[in-house]
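Novice: whatever this is, show me its structure:
(one chain, ligands or ions: 2)
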Amino acid sequence: MVIKTVELNQVCGPTSELPVHDLPEIALVGRSNVGKSSLINCLVNRKNLARTSGTPGKTQTINYYLINNEFYLVDLPGYGYARASKDAQAAWAELIERYFQTTQSLTKICQLVDLRHKPSKDDLQMYDWILAMGLPAVVIATKADKLKRSQLAGAAAQIQKTLEETAVLHTDLSGQSLHAPDPIMFSAKTGAGKDRVWSTLQS
Ligand SMILES: Nc1nc2c(ncn2[C@@H]2O[C@H](COP(=O)(O)OP(=O)(O)O)[C@@H](O)[C@H]2O)c(=O)[nH]1
Ligand SMILES: [Mg+2]
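Specialist: Ligands and ions are numbered 1, 2, ... in the order given. Reported below is the predicted structural model:
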């Protein structure tokens, strides 16, 4: 993927009107701190375009990144921040629901999970929600650099197996059970998996 231009086009909070446009959108979801902003920076070859943070729960906005004037990467606010107040959690749910109701050009959703851990209850709930909307989910397992080479395949298999339990509860239009994909192993630190992510997003 050749990145010619990239700009943070719009930042929307709980009271913002969300944009509706014709360009395709690819949304990113995941627990806060899973590495969404780092993934965006890595994909577009920019160090600090999307603000990364060591403190979870910071980005409670929807950020629209316009790529090559052709499509948007949409960074959705992270979930599962344990210390978030009830109010903050409700605001998160409201904003994210409004996003899914408003968008008219969502082509794919990337669900990010941490390669080191079994998907959490929140991850599974989000995955269930994506499949219930009938949208194709691309699963990206982040922070691959934190595992030893010998641990990678087992970690990816554990994620696939856990997601599979949710996937089989859904069917496609012809009534066949859905299946969870093998996650794309990715590291924003080393760039491992970047080409696979781009080729999957472009297909
Ligand atoms: N080692 C390593 N750290 C990462 C990776 N991706 C993100 N991080 C770190 O994890 C923290 C949260 O990342 P961020 O992109 O802000 O997560 P977000 O909340 O999902 O947007 C930051 O300290 C990042 O530097 C990765 O692939 N490898
Ligand atoms: Mg972020």
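
Novice: so when I look at L152, I'm seeing a helix, right?
Specialist: Yes: looking at L152 with DSSP: H, G, I helix; E, B strand; the rest coil, it is inside a helix.

Novice: how about the nearest residue to it, chain neighbours excluded?
Specialist: Spatial nearest neighbour of L152, excluding adjacent residues (Cβ to Cβ, 6 or more residues apart in numbering): M185 at 6.0 Å. From N, CA and C alone the C-beta is placed, and that goes for glycine too.

Novice: next one: K146
Specialist: Among residues not flanking K146 along the chain, R116 sits closest, at 6.0 Å (Cβ to Cβ, 6+ apart).

Novice: and if you look at A156?
Specialist: Nearest non-adjacent residue to A156, counting by Cβ to Cβ, 6+ apart: P183, 5.4 Å away.

Novice: tell me who's in contact with the one you found.
Specialist: 113, 115, 139-141, 156, 159-160 (Cβ atoms under 8 Å, 6 or more residues apart in numbering).

Novice: what segments of the protein are strands?
Specialist: Secondary structure of the chain (DSSP state E): strands at 6-12, 25-30, 62-67, 71-75, 106-114, 137-142, 184-185.

Novice: any part of stretch 30-41 near ligand 2?
Specialist: Yes: judged by Cβ under 5 Å from the ion, stretch 30-41 comes into contact with ligand 2 at 36-37.

Novice: need the contact list for L106.
Specialist: Counting by Cβ under 8 Å, 6+ apart, L106 has contacts 24-27, 100, 135.

Novice: rerun that using 6 Å as the cut-off
Specialist: Applying Cβ atoms under 6 Å, 6 or more residues apart in numbering to L106 gives the contacts E25.

Novice: and if you look at the one 5 residues further on?
Specialist: With contacts taken as Cβ under 6 Å, 6+ apart, Q111 has the following neighbours: 29, 127, 137, 139.

Novice: please report how far the nearest residue to the third one once chain neighbours are set aside lies from ligand 1.
Specialist: With sequence-adjacent residues excluded and distances taken as Cβ to Cβ, 6+ apart, A137 is closest to I130, at 4.7 Å. For I130, the distance to ligand 1 (Cβ to the nearest ligand atom, to the nearest Å) stands at 17 Å.
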